[in-house]
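Chemist: Return atomic coordinates for the entry below.
(2 chains)
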Amino acid sequence: GAVVSQHPSRVICKSGTSVKIECRSLDFQATTMFWYRQFPKQSLMLMATSNEGSKATYEQGVEKDKFLINHASLTLSTLTVTSAHPEDSSFYICSARVVGGTEAFFGQGTRLTVV
Amino acid sequence: AQSVTQLGSHVSVSEGALVLLRCNYSSSVPPYLFWYVQYPNQGLQLLLKYTSAATLVKGINGFEAEFKKSETSFHLTKPSAHMSDAAEYFCAVSDGFPRAAGNKLTFGGGTRVLVKP
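Modeler: This next block holds a predicted model:
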């Protein structure tokens, strides 16, 4: 199957700093990528849909100025958590669909801890 | 709009016993349904998918699921549990024809499976 690589797998940052998470499709082109957030022992919550070459579409309640998404190429989308606070600590997961395919492929996830 | 309900947040089975994870969905369009497995601190791996072909779908690792339209269900089963099946399982529904790249997945709450030796 197609491979989605997410980096870093773990990151610890100080309150007030920004953190960038990368999501790459390694062997396919992804015009659309999805960013999810997962709290401990809970399901995945879709944060935004990232479209190559255009602005991301954010779900209701997600602050677009805090969670900046850039999809500069067909193989890379980035999520930047700006001015991070402890409540932003969570597991972030990206996914991508092969154009014309029926399934989404997921990255390994990023554990963000804000101290 | 679509939604997914997974009955039972935790399931405990003995090694070698049947695994049954329940999933019910609601969808305003013909559903496309998926089961994913998540191991600790990892992303999701697709177990199987239903995309309007055969109602009994076979997946990886010995799992299968049956789509029952009349019951709006897509329960996941495995005849004989293995220790390596201990993980979190998510049922998901697509909000439209999944070949459209922008169509989103809606996930159920997840079911954690514990396998006892």
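
Chemist: Spit out the contact partners of residue B:37.
Modeler: Shown in contact with residue B:37 (Cβ atoms under 8 Å, 6 or more residues apart in numbering or on different chains): B:44, B:45, B:47, B:61, B:87, B:88, B:89, B:90. For every residue, glycine as well, the C-beta is placed using N, CA and C.

Chemist: Wait, the fifth one touches residue B:113, no?
Modeler: If I follow you right, that is residue B:87. Yes - between residue B:87 and residue B:113 there is a contact at 6.1 Å, judged by Cβ atoms under 8 Å.

Chemist: Determine the three-state secondary structure at residue B:70.
Modeler: Following DSSP: H, G, I helix; E, B strand; the rest coil, the label given to residue B:70 is helix.

Chemist: quick one: low-confidence ranges for chain B?
Modeler: B:96-102 (pLDDT under 70).

Chemist: can you check chain A too?
Modeler: A:1, A:100-102.

Chemist: Mind telling me which residue of it is nearest chain B?
Modeler: residue A:106 (3.7 Å; Cβ to the nearest Cβ).

Chemist: residues near that residue, how many?
Modeler: 23 (other Cβ atoms under 10 Å in any protein chain shown).

Chemist: buried sites along stretch B:73-81?
Modeler: Going by neighbour count (16 or more other Cβ atoms under 10 Å in any protein chain shown), the buried part of stretch B:73-81 is B:73, B:74, B:75, B:76, B:78, B:81.

Chemist: what comes into contact with it?
Modeler: Contacts of stretch B:73-81 (Cβ under 8 Å, 6+ apart): B:13-25, B:31, B:33, B:35, B:47-48, B:50, B:61-68, B:85, B:89, B:91, B:113, B:115.

Chemist: Now the buried members of these.
Modeler: Neighbour-count burial (16+ other Cβ under 10 Å) applied to the contacts of stretch B:73-81 gives B:13, B:19, B:21-25, B:31, B:33, B:35, B:47-48, B:50, B:63-65, B:67, B:85, B:89, B:91, B:113, B:115.

Chemist: so where do the helices sit in chain A?
Modeler: Applying DSSP state H to chain A gives no helices.

Chemist: what ranges do the strands span in it?
Modeler: All strands of chain A, identified by DSSP state E, fall at A:4-7, A:10-13, A:19-25, A:32-38, A:44-51, A:57-58, A:67-73, A:76-81, A:90-97, A:104-106, A:110-114.
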